[in-house]
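Predicted coordinates and the sequence they were generated for:
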Amino acid sequence: MTSTVDSPFGMRSATPAALGQALAALGRDHAVVHDELMAAPLVLRHKDVSAALRNSAVFSTAFYGAAPMHEMMIAQNGPEHVRQRRIHNRFFSAGASARYAERVAVVAERAVAGLGDNPELVDDLFARYPMAVFLDLLGIPDDLGDQGLAWVRAIVTWLGSPMNEELAEPGIRAFAELRAYTDELVASAVPSDNLLGEVIRAHVVEEQYSASSCSTAVVSLLLGGFETTIQMLSCVVASLLLNPDALARVRADRTLVDAALDESFRWANPSAGLYRLVTRDTAVADTHVAKDSMVYLCIAAAHFDPAVHRDPEVFDLDRNSPHLGFGLGPHYCVGAPLARIEARAALNALLDRFPNLRLDPEHPPVFHYGARGFVQHGTETLRVLT
């Protein structure tokens with residue numbers, strides 16, 4: 001057992017890879033350990049994490065189904081989940097995604113153009129950019145502003161710590177307010193080729209249209225697209241800044257941007273893990289896990305498992321072993337195409353604007369779980385020289 005005192009999730013480090021390395025080191029000796037800080041057993045080895053992510057019947061997301069979340073795709077399994085995912089896949093089709101990419105590139109260039117010399121990237125860019133993307137893609141008026149981010153942070157903080165009763169009330173209240181806003185947004189929508197138009201069109205084509213179902217889909221996108229994207233952008237840019245040889249290669253050859261995204265999602269992915277509800281007595285490796293208990297599937301540990309990733313501590317643009325940064329199996333992140341579009345556009349815009357981008361040695365980043373008061377691993381600040 002690992003106690004609260006020596007839980008790896010309490011550590012702070014100069015590199016985002018340190019958490020995954022520490023968790024993988026635990027995994028070399030034990031397939032599962034109980035972590036009091038996370039209030040759950042940690043599943044640590046790649047083969048066990050990936051198997052559990054694929055097996056949603058036993059390792060379930062059903063705990064998200066408490067009102068008011070019961071309609072959302074993340075809470076579904078079986079035929080209803082398949083139906084909702086089929087609809088979501090329509091508005092993330094290749095054609096739709098290409099249109100989004102054109103618009104997001106403009107948003108990214110505009111956001112980066114507003115930076116001064118030697119900026120702090122988290123607050124000055126990453127915290128504002130995802131909201132700007134959604135305002136543009138969904139045709140949401142600017143009056144949503146910081147309120148949208150506040151709603152999303154309250155909801156996702158609650159969902160990320162489902163055992164913490166103190167987070168439930170503000171999370172439920174924020175969800176109700178966000179849902180009321182999106183209900184009005186859908187009700188006033190007109191036919192268009194933006195993301196909101198694609199959401200409505202996908203439901204119509206699948207003969208599943210209702211204002212409520214479209215609003216549910218929009219809320220799902222908003223919940224997955226704000227704070228998670230902030231830390232995702234931090235992890236990508238920080239990974240390259242901490243690995244200057246890789247940064248030089250990407251700067252010289254932009255065809256390596258996608259490789260840089262994938263390796264950053266492995267080496268520094270902010271989604272350190274995912275909670276799951278165990279629906280029946282089962283075993284992980286040789287460890288018994290009781291029905292109705294919660295487990296934490298440790299993606300960060302899996303990313304540094306040498307059984308899957310050769311020399312996992314090395315940031316390697318030529319690596320071809322797949323990461324779990326967007327999950328795996330039935331609940332693979334449905335917003336992954338948009339997340340990649342956003343990260344690709346932001347990285348290209350930064351490298352275009354600041355060809356000499358580098359870390360500020362006077363203000364090195366510090367990485368820890370719970371950065372910005374959120375249930376992910378990342379940094380509060382990322383100061384750079386230009």
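Yep, it's here.

what's the burial count for residue 104?
The number of residues packed near residue 104 is 24, by other Cβ atoms under 10 Å. The way it works is simple: take the backbone N, C-alpha and C, and place the C-beta from them, glycine included.

any idea which element it lies in?
Residue 104 is part of helix 94-113, with elements assigned from DSSP states H and E.

tell me, how many neighbours does the closest residue to residue 202 other than its chain neighbours end up with?
Excluding the flanking residues, the one nearest residue 202 by Cβ to Cβ, 6 or more residues apart in numbering is residue 90, at 3.7 Å. Around residue 90 there are 16 other residues, counting by other Cβ under 10 Å.

Check the secondary structure at residue 90 for me.
Classification of residue 90 using DSSP: H, G, I helix; E, B strand; the rest coil returns helix.

quick one on the thing from earlier: export the helix holding residue 104 to PDB, keeping only CA atoms.
Taking C-alpha atoms only, helix 94-113 is exported to PDB below (Å, rounded to 0.1, in the frame of the first residue of the first chain):
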ATOM      1  CA  ALA A  94     -13.000  14.100 -42.300                       C
ATOM      2  CA  GLY A  95     -14.800  16.800 -44.200                       C
ATOM      3  CA  ALA A  96     -16.100  18.600 -41.100                       C
ATOM      4  CA  SER A  97     -12.700  18.400 -39.400                       C
ATOM      5  CA  ALA A  98     -11.000  19.900 -42.400                       C
ATOM      6  CA  ARG A  99     -13.400  22.900 -42.100                       C
ATOM      7  CA  TYR A 100     -12.700  23.200 -38.400                       C
ATOM      8  CA  ALA A 101      -9.000  23.100 -39.000                       C
ATOM      9  CA  GLU A 102      -9.100  26.100 -41.300                       C
ATOM     10  CA  ARG A 103     -11.000  28.100 -38.800                       C
ATOM     11  CA  VAL A 104      -9.000  27.000 -35.800                       C
ATOM     12  CA  ALA A 105      -5.700  28.000 -37.600                       C
ATOM     13  CA  VAL A 106      -7.000  31.500 -37.900                       C
ATOM     14  CA  VAL A 107      -8.000  31.600 -34.200                       C
ATOM     15  CA  ALA A 108      -4.600  30.300 -33.200                       C
ATOM     16  CA  GLU A 109      -2.700  32.800 -35.300                       C
ATOM     17  CA  ARG A 110      -4.800  35.700 -33.900                       C
ATOM     18  CA  ALA A 111      -4.200  34.400 -30.300                       C
ATOM     19  CA  VAL A 112      -0.500  34.100 -30.700                       C
ATOM     20  CA  ALA A 113      -0.300  37.500 -32.500                       C
END
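
Average pLDDT for that helix, rounded please.
Per-residue pLDDT values over helix 94-113 give a mean of 91.

Tell me the buried residues in it?
96, 97, 100, 101, 103, 104, 105, 107, 108, 109, 111, 112 (16 or more other Cβ atoms under 10 Å).

Closest one of these to residue 373?
Using Cβ to Cβ, residue 111 comes nearest to residue 373 of the buried residues of helix 94-113, at 22.8 Å.
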